[in-house]
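J.: Can you look at this prediction? I've put the sequence above it.
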Amino acid sequence: MSWVPTIVRLALLTLLVAFLVRPEWFEPLLVPLTRNNAPAIYNQGSLLALAGQHLVTVAIASVAAAVVAIGMAILVTREAGAEFLPLARSVVNVGQTFPPVAVLALAVPAVGFGERPTLIALFLYGLLPIFENTLAALTTLPQNVMEAARGVGMTGLQRLLRVELPLSMPLILAGIRISVVISLATATIGSTVAAKTLGEVIIAGLLSSNLAFVLQGGLVIAAMAILIHDGLFALERRAALQSR
């Protein structure tokens, strides 16, 4: 029965693509959620385009967060950078200390409306899980393996690239997975500052008391989060097998 989860994921992916490409096919299911002959399908833009822009925004912020968080974790686990650990922890905790809405409010006067403040908020919010997972992985490596790497004459850079990062990859990917899933949900608030995300659909539904809009926006985001989570988890498991 191990094939059942795969079938479920494929079915979910098929439904998601079908809804984004042909949302009118699902209109009969959503009509009961509307009132006063309001439209059942979001009609103020393309759901497919919004979903694509939502994913692009999350991808840019997540890549930037991963590069910075992994880089900081590597730095503070080197002898020369160990003293910067408290500073690094303070930086990555900023996103968790200030809620994304507060970050948006602070970023808009500096960079204006649109995608930029959303990217800043998602970047800051995504740092902590990646940094902490990378730090944990790099500081719990098997000592016998590290000693063997030193014994064969590997330089510090060679040990990092050939031993430390490959062995740490499962935990690093787990942090990235958590960060990306959080960002997928958090990105919806970007629409409050004119960023093009699926939050537009939810906000439009809330403003017009149209439950159909709210539901379809929420379900699309949830479906994308599940599929991306499962995809990254599969990469994580593969990395774990390769690191053994």
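T.: Ah, there it is.
J.: buried residues in the biggest helix by length in the chain?
T.: In the chain, assigned by DSSP state H, the helix with the most residues is helix 211-242. Applying a neighbour-count criterion of 16 or more other CB atoms under 10 Å, one finds 211-218, 220-221, 223-226, 228, 230, 232, 236, 239 buried in helix 211-242. The way it works is simple: take the backbone N, C-alpha and C, and place the C-beta from them, glycine included.
J.: Find the residue closest to residue 106 in space, skipping its chain neighbours.
T.: residue 98 (7.7 Å; CB to CB, 6 or more residues apart in numbering).
J.: How many residues are close by that neighbour?
T.: Here the number of neighbours of residue 98 (other CB atoms under 10 Å) works out to 16.
J.: The most centrally placed residue in the chain sits in which helix or strand?
T.: The geometric centre of the chain, computed from its C-alpha atoms, lies nearest to residue 180 (CA atoms, centre = their mean), at 1.2 Å. Following DSSP states H and E, one finds residue 180 within helix 165-186.
J.: list the helices and strands the helix or strand following that helix packs on?
T.: Scanning forward in sequence from helix 165-186 by DSSP H and E, the next helix or strand is helix 199-207. If contacts are counted by 3 or more CB pairs under 8 Å, 6 or more residues apart in numbering; DSSP states H and E, helix 199-207 sits against helix 47-76, helix 211-242.
J.: Remind me what the last one packs against, helices and strands.
T.: Where contact means 3+ CB pairs under 8 Å, 6+ apart, helix 211-242 is packed against helix 4-21, helix 27-30, helix 47-76, helix 165-186, helix 199-207.
J.: Can you say which of those is nearest to residue 150?
T.: helix 165-186 (14.7 Å; CB to CB).
J.: what packs against that closest one?
T.: helix 47-76, helix 115-138, helix 211-242.
J.: Dump the ones you listed into a markdown table; add mean pLDDT and distance to residue 163 as well.
T.: A markdown table is the format used below for the helices and strands packed on helix 165-186 (pLDDT from 0 to 100; distance: least, CB to CB, whole Å):
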| stretch | mean pLDDT | distance to residue 163 |
| --- | --- | --- |
| helix 47-76 | 95 | 13 |
| helix 115-138 | 92 | 11 |
| helix 211-242 | 91 | 13 |
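J.: With distance to residue 36 as extra columns, can I get those helices in TSV?
T.: Listed next are the helices and strands packed on helix 165-186 as TSV, based on distance: least, CB to CB, whole Å:
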stretch	distance to residue 36
helix 47-76	22
helix 115-138	33
helix 211-242	12
